[in-house]
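Participant: Based on what follows, work out the 3D shape:
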Amino acid sequence: MARTLPSALAAAAALVFAFAVVMPAAAAAQAPAPAPTSDGTSIDQCIAYLLMIVALVLTYLIHPLDASSPYKLF
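Facilitator: Predicted coordinates:
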């Protein structure tokens with residue numbers, strides 16, 4: 001029983017050493033990730049511009065109806 005513990009420890013050490021050598025080499029062999037074609041800020045800016053255009057159109061559609069209203073708001 002006393003001989004199996006050192007051999008198991010040696011096998012575990014060899015396995016850890018093999019992973020320590022092989023894994024970085026495998027990670028270095030992979031190709032780098034491609035650069036993103038668009039980031040989120042350009043999409044957010046597009047959505048913001050569309051919302052501003054919708055607000056502008058709604059303002060000009062509602063304003064004539066409000067001006068001809070018999071109710072005096074201000």
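Participant: What count of nearby residues applies to Pro36?
Facilitator: 7 (other CB atoms under 10 Å). All C-beta spots, glycine's among them, are computed from the backbone N, C-alpha and C.
Participant: Now do the SS call for it.
Facilitator: Assigned by DSSP: H, G, I helix; E, B strand; the rest coil, the conformation of Pro36 is coil.
Participant: How far does the helix of greatest length in the chain sit from its chain's centre?
Facilitator: Longest helix in the chain by number of residues, with DSSP state H as the criterion: helix 40-67. Between the mean C-alpha point of helix 40-67 and the mean C-alpha point of its chain there is a distance of 27 Å (CA atoms, centre = their mean, to the nearest Å).
Participant: what pLDDT, on average, does it get?
Facilitator: Helix 40-67 comes out with an average pLDDT of 86.
Participant: Report the buried residues of that helix.
Facilitator: For helix 40-67, burial by neighbour count (16 or more other CB atoms under 10 Å) applies to no residue.
Participant: Next: stretch 18-34.
Facilitator: For stretch 18-34, the neighbour count (16+ other CB under 10 Å) marks no residue as buried.
Participant: what helices or strands is the longest helix of the chain leaning on?
Facilitator: In terms of contacts (3 or more CB pairs under 8 Å, 6 or more residues apart in numbering; DSSP states H and E), helix 40-67 is packed against no helix or strand at all.
Participant: mind checking how far the residue sitting nearest the centre point of the chain is from Ala10?
Facilitator: Centroid-nearest residue in the chain, with CA atoms, centre = their mean: Gly40, separated by 8.3 Å. Separation of Gly40 from Ala10 (CB to CB, to the nearest Å): 52 Å.
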